[in-house]
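J.: have a look; sequence and predicted model below, questions after that.
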Amino acid sequence: MARKLFKISLFSILAFALAFALSPTLLNKPAYAQSAPSIVEVIDSFHSDIVVNSDGTVNVTEIIHYYFPFSRHGIFREIPLTKTNQDGKDFRMLASEISVTDELGRPYMFQDNSTSAEINLKVGDPNATITGTHVYVIKYTLSGALTYFTDHDEIYWNVTGNGWEVPIYESSATVILPDSERLDSAVSGICYIGTLGSTERYCDITLPARNALEFKSPRQLEPGEGLTIVESFPTRIVEVLEPVRDFSSLWETIIGILIFIGWLIFYILLPAFLFFRIWPRLKKQPNEKKVVAAWFDPPKTDSGRSLTAGEVGVLYDKKGDIRDITATLIQIAQKGFIKITSEESGVIIKKPKFSLVKVREWEGSDLLKYEKYLLDSIFKGAEVVSLESLGKRVGFATKLETTYKEAAKQLVGDEQFAEDPYKVREKWMIVFVLAFFFFNPLLALVAYLGSKSSRRTESGALSWATIESMRNFVRSQDKQLEFQAQNQMFFEKLLPYAIALGVEKIWLDRFKDLKLAKPEWLESDNFNTFSYLYLMNSFNSSVSSAVAMSSTRSSSGFSSGFSGGFSGGGGGGGGGGSW
C-alpha cells in the first residue's frame with residue numbers, strides 16, 4: 001500500500017514538473033501566444049536589424065515570423081519613404097537593393113510595386129497557397145534615413161509600422177553603428193509603442209556593445225499599433241547624406257491652390273464679370289422710350305425703306321416665330337407674288353384647307369432675301385402647295401429657322417441690329433451648356449440673360465418705339481381711333497403687322513361690322529366680311545399647325561413619341577497584411 005501511494009505521489013510530482021517545464025514562463029513565450037495561433041492570423045515576431053554605414057546609408061533587415069491559420073498566398077509590406085521636418089516640409093529617402101527571402105536565404109516570389117514615395121511589396125506565389133508559420137526576411141538599403149543636428153546625429157525609425165491589420169506578439173530592433181571610440185557613453189535611445197501619434201515610452205533598451213543598441217517592446221502590439229525607435233550618436237561618425245527634398249507635396253499644394261482659384265473664377269468671378277458686362281445691354285435704350293399712344297405706319301430704315309412685317313416681328317422681340325411667317329406670306333400675297341386659296345372640307349364641321357398658288361416669278365424682284373428664301377423653301381419648283389403638305393415635309397421647320405436668321409441678317413445690314421441676335425444666342429447657348437455640364441447655376445443664369453443681350457442700334461431702338469406705338473394703335477379700343485378702321489386699304493396694310501405682333505384678333509374684331517371687299521390675293525367661296533375675318537384667323541392657325549407638325553418629325557420621317565516623437569513618427573513605418 002505504501003509502495004502504491006509512493007508511485008502515485010511520484011507520478012503526480014513528475015506530471016507537475018512536466019507541466020511547469022512547458023509553461024510559457026520557462027519557454028520565454030507570452031501566454032497569449034498559446035491559444036491564438038490555431039485560429040488567428042498573427043505575427044509571432046517582428047525583428048529589424050538596422051545597420052548604419054559610415055557613408056550615411058542604412059541597411060535594414062526585417063525578419064517577420066508570420067502565422068497563417070488558413071490558406072493564403074503570402075504577405076504584403078508597405079514602407080513609406082517620406083520624412084517631414086518641423087517646418088512641415090517633406091523629404092524623400094531613396095531605397096535600393098530590395099530583396100525578400102526565407103530564413104535560409106531562399107528567395108521568395110514577390111511583386112515590387114515600389115514608387116519614389118514608398119516601398120510596396122507583394123510577396124508570395126499567386127498560384128499557390130500556404131498555411132502555418134513562415135519567415136520573411138526583407139532587406140533594403142536606404143539613403144537619407146539619418147537626421148543631422150549640430151550636437152548629435154540620430155536615426156528615428158518606425159520599425160514595424162502602424163498599418164498592420166494583425167497583432168504582433170513580439171517586436172524588437174537592433175541598431176548597429178560604425179565602431180568608434182567616440183561611442184563610449186555617447187549613445188542613447190528611446191522608443192515609442194502604441195497607435196499612430198502615441199507618446200508612450202514603454203520598452204526595454206539594452207546596450208550589448210558600444211556600437212549596438214537593442215530595443216524591445218514589453219507587450220504585444222495590437223492591430224494599428226507599432227514600435228518606433230530613436231537613437232542618437234556623436235556627429236562625424238558617419239557622412240552626411242541628406243534626404244531629397246520632396247516637392248510633390250509642394251506641387252500638390254500649388255495645384256490645390258490653383259484648383260481653388262480656378263473654382264473661384266469659374267463659379268463666382270466669371271459669372272459676376274459676365275453679368276456686369278451684359279447688364280448695361282439689358283437696360284432699355286433711350287430711343288426705345290419714345291413710344292407714343294398711336295402710330296399708323298411701320299418704321300423705316302435710314303434709306304427710307306419700310307420694314308416688312310416679318311422684319312418687324314424679328315426686330316420687336318429679337319427672334320422669329322410662326323406669326324412672322326404667316327405675316328410674311330400675307331404681305332407677299334398682297335404684293336401679288338402668290339395667292340392664298342381656301343376650300344372647305346369636312347362633312348359635318350366645315351374647315352378651310354389652304355393652299356398657296358404661285359402667281360408670278362420672284363427672282364429678280366424687289367423681295368428681300370429672306371422672303372425669297374421662304375418662297376423657295378415652300379414651293380420647291382411647284383406651282384401650288386397646300387399647307388397640309390408642308391406639315392408632312394421633313395426639314396421644313398429647319399428651313400423656317402433659316403428664314404428667321406436671314407431676316408435678322410437683313411436687319412443687321414440695315415443697321416437696325418448692332419449684332420445678329422441669333423449669333424448672340426448661339427454664343428451664350430455654348431456657355432449655358434458648359435454651365436449645365438459643370439453644375440454652375442450662376443453661370444447658367446447669366447447665360448440665359450446673355451442670350452437676350454443683343455442690342456439694337458439707335459436707329460433700331462427708334463424703330464422699336466415706332467413698332468410699339470403701332471402695336472398700341474392696333475390693339476387700342478379708343479373711340480377716337482375708330483375712324484381709321486373705315487378704310488379697307490388701311491386694314492389690309494396693317495393686317496400683316498398685327499399678325500407679326502400677336503394682336504391680329506383685336507384688329508380683326510374691329511372690322512367685324514364693316515362690309516369688306518374681296519381682296520385679289522385671296523380666293524374663297526361664299527366670301528363676306530365674316531368669312532374674310534374667319535379665313536385670316538384660320539390661315540394663321542393652319543400655318544402654325546403645319547410648322548408644328550413638321551418640327552415633330554424626325555430626320556428619318558417618324559413622328560415624335562415624347563514636434564515631438566511618437567509612435568509612427570520618423571522614417572519607415574507603413575504596414576502590411578496577407579493576401
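T.: Thanks, I have the structure now. Numbering: from 1, shown residues only.
J.: following the helix or strand hosting Ser377 in sequence, what is the next regular element?
T.: Secondary-structure element containing Ser377, defined by DSSP states H and E: helix 369-379. Following helix 369-379 in sequence order, the next helix or strand is strand 384-386 (DSSP H and E).
J.: show me what that following strand is packed against.
T.: Secondary-structure packing of strand 384-386 (3 or more C-beta pairs under 8 Å, 6 or more residues apart in numbering; DSSP states H and E): strand 351-358. Glycine gets a C-beta too; all of them are placed from N, C-alpha and C.
J.: check contacts around the closest residue to Val135 other than its chain neighbours.
T.: In this structure, Val135 finds its nearest non-sequential neighbour in Glu103, 4.1 Å apart by C-beta to C-beta, 6 or more residues apart in numbering. With contacts defined as C-beta atoms under 8 Å, 6 or more residues apart in numbering, Glu103 is in contact with 63, 135, 137.
J.: most neighbours among these, which one is it?
T.: Val137 (19 neighbours; other C-beta atoms under 10 Å).
J.: just the pLDDT for that one.
T.: Looking at Val137, its pLDDT stands at 97.
J.: that one should be in a helix, yeah?
T.: No: remark: Val137 does not belong to a helix; assigned using DSSP: H, G, I helix; E, B strand; the rest coil, it is strand.
J.: from what I can see it touches Thr101, true?
T.: Yes: the pair Val137 and Thr101 passes the contact test of C-beta atoms under 8 Å, sitting 4.9 Å apart.
J.: can you tell me the element the residue nearest to Val135 falls in?
T.: Per DSSP H and E, there is no helix or strand for Glu103.
J.: for Glu419, which non-adjacent residue is spatially closest?
T.: That would be Ser454: by C-beta to C-beta, 6+ apart, it lies 5.5 Å from Glu419.
J.: ok, that neighbour - contacts?
T.: 281, 318, 417-421, 424-425.
J.: mind redoing it with 10 Å?
T.: If you count contacts by C-beta atoms under 10 Å, 6 or more residues apart in numbering, Ser454 has them with 281, 318-319, 408, 412, 417-425, 427-428.
J.: between those, which sits nearest Trp464?
T.: Among the contacts of Ser454, Lys318 lies closest to Trp464 (C-beta to C-beta), at 9.7 Å.
J.: that closest one: how many residues sit nearby?
T.: Number of residues near Lys318 (other C-beta under 10 Å) recorded here: 20.
J.: that one and Lys423 touch, don't they?
T.: No: taking contacts as C-beta atoms under 10 Å, Lys318 lies outside contact range of Lys423: 11.7 Å.
J.: got any residues that touch both of those two?
T.: Common contacts of Lys318 and Lys423 (C-beta under 10 Å, 6+ apart): 408, 454.
J.: which SS class is the residue nearest to Glu419?
T.: Strictly by three-state DSSP, Ser454 counts as coil.
J.: now do the phi/psi pair for it.
T.: The phi/psi pair for Ser454 (degrees, to the nearest 10) reads phi -60, psi 140.
J.: now Met536
T.: With angles defined as degrees, to the nearest 10, Met536 sits at phi -60, psi -40.
J.: which residue packs closest to it, ignoring adjacent ones?
T.: Leu508 is the one closest to Met536 (C-beta to C-beta, 6+ apart), at 6.1 Å.
J.: contacts for the strand or helix carrying the one you found next, please.
T.: For Leu508, the host element (DSSP H and E) is helix 504-509. With contact meaning C-beta under 10 Å, 6+ apart, helix 504-509 is reached by 323, 326-327, 330, 473-477, 485, 491, 494-499, 501, 532-534, 536-537, 540.
J.: if you count neighbours, what's buried in that helix?
T.: Within helix 504-509, the residues that count as buried by 16 or more other C-beta atoms under 10 Å are 504, 507-508.
J.: of the residues you listed, which is the nearest to Glu214?
T.: Nearest member of the buried residues of helix 504-509 to Glu214, counting by C-beta to C-beta, is Glu504, at 102.8 Å.
J.: state the distance from the closest one to Arg510.
T.: To Arg510, Glu504 is 11 Å away according to C-beta to C-beta, to the nearest Å.
J.: pull up the overlap in contacts between those two.
T.: Counting by C-beta under 10 Å, 6+ apart, the common neighbours of Glu504 and Arg510 are 474-475, 498, 533.
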